[in-house]
Every structure is written in C-alpha cells, then in structure tokens.
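> Need a 3D model of the sequence below.
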Amino acid sequence: GESYSYQLADYETCIVPATGSIDVQVQNQTFKQVGKRQHIWEGNPEGVYIPVDCKATLSCVSDAVEVFISGAKHNQTHSAFVIREDDIDTVQYGSDDTKTHRKIKHILGANHHDKVGRLLCNELYTVGQGGWSGFPPHKHDTDRLPKETRHDETYNYRFKPNNGFGFQLFQA
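Numbering: from 1, shown residues only. This is a model prediction of the structure:
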C-alpha cells in the first residue's frame, strides 16, 4: 500500500519492478499490476516508460516490491506506456565456448525506438558460470548507425549463486 512519487524535468525514465507488483500513475493513466516476478531469476520483466517532466506515482500492490528506475537526459516529452512481459524482446548473443553467451531481455529497445528519446532499458543474463557480458569490448558514445548508438550504460549486478563480481571500465 505504500506509494512513491517523482518528477524529473530533464530526464525520461523507465520503471521496472525487479520483484513484486506496482500500480503506476502517469499522464492521467493508471497502469495496473506492473511486475509479476517473485525474484529476478524467473519470467520476464515488465515496465512503464515515464516521459520527461511527468509526475509518476508508484503504489505497491504486493506484499513487498523492489523497483529499478533508469533514466536518460532528454529534452522532448513523449507519451507514457506500459511494457508487459509478452512485449519483451529476448535475444541471445555469444557462445558457450568463449564464455560470452548471454540472454538480453529488451524492456525498452528497438521495438520502442520511435516512442522514446535516448533511453534503453534491458536485463542481461550471462548464461553459465564465469561468463563475460560485455565481450567483445564495445562502447556507446557516438551516433554512427548501424554500428553504434550513443547511449549511457548503467549496471546493477546480481549473482546466482551469490558469489561473483561485476566490473565495468570507462576510458576517458
């Protein structure tokens, strides 16, 4: 039953319940019961796109909830929309031999490029143990389609089993 509200003047955001379920109010719309997972290792995520300078109110409708909010600086206001688990575009890259096999669940990806500004939002699962999720090395700091798009990347590392490490390198 608890609620949380925010509004960001220069950022578009995407709300993704990692666990639990929420109702989201934005732009005079209410998206009901967003999020169906008990833990991040099951099923597909769901999310809500929140446009620039729009107030979003998240209300917990499950016993507990953990919510990720990602954002990107943008200067245009688009329309809010919900992404349900059936809308998730899942792709696989890499190989088991090179320890680069990974499954990417695009929450805001190519299917939504015409509805958002600069924001991409994904869940990436490295398949197997000892794998690399960002190999080969790559960057996203230049717009040169189709080889590269300019986007910021932020990672939240989780491990199953609970031992492991995450590493992200930025070169200035």
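> Burial check on Arg102, number of neighbours?
As a burial measure, the neighbour count of Arg102 was computed by other Cβ atoms under 10 Å and equals 19. For the C-beta atoms, the positions are set from N, CA and C on the backbone; glycine is no exception.
> tally of neighbours for Leu124?
The local packing of Leu124 (other Cβ under 10 Å) involves 13 other residues.
> and it, what does it touch?
When the contact criterion is Cβ atoms under 8 Å, 6 or more residues apart in numbering, the partners of Leu124 are Arg102, Lys103, Ile104, Lys105, Ser133.
> Wait, the last one touches Val127, no?
No - Ser133 is not in contact with Val127 according to Cβ atoms under 8 Å; the separation is 9.7 Å.
> distance between the ends of stretch 99-113?
From its first residue to its last, stretch 99-113 covers 30 Å (Cα to Cα, to the nearest Å).
> what's that stretch in contact with?
Contacts of stretch 99-113 from elsewhere in the structure, counted by Cβ under 8 Å, 6+ apart, are 14, 16, 44-47, 49, 83, 87-95, 116, 119-128, 130-133, 135-136.
> Show me which of these are buried.
Members of the contacts of stretch 99-113 that pass the buried threshold by neighbour count (16 or more other Cβ atoms under 10 Å) are listed as 14, 16, 44-47, 49, 83, 88-89, 94, 116, 119-123, 125-127, 131, 133.
> residues of stretch 10-18 that come out buried?
The neighbour-count criterion (16+ other Cβ under 10 Å) identifies Tyr11, Glu12, Thr13, Cys14, Ile15, Val16, Pro17, Ala18 as the buried residues of stretch 10-18.
> need the contact list for the first one.
Residues in contact with Tyr11 (Cβ under 8 Å, 6+ apart) are Val52, Gly71, Ala72, Lys73, His74.
> Tell me where this protein has strands.
With strands called from DSSP state E, the chain shows them at 3-6, 11-19, 22-26, 29-34, 47-50, 56-60, 66-73, 81-83, 89-93, 102-108, 121-126.
> partners of the shortest one, with directions?
Sheet pairing of strand 81-83 (DSSP bridges) gives strand 47-50 (antiparallel).
> Return the strand it pairs with as CSV; C-alpha atoms alone will do.
Taking C-alpha atoms only, strand 47-50 is exported to CSV below (Å, rounded to 0.1, in the frame of the first residue of the first chain):
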residue,chain,number,x,y,z
GLY,A,47,8.0,-1.7,-17.0
VAL,A,48,6.5,1.7,-17.6
TYR,A,49,8.0,4.5,-19.7
ILE,A,50,7.8,7.8,-17.9
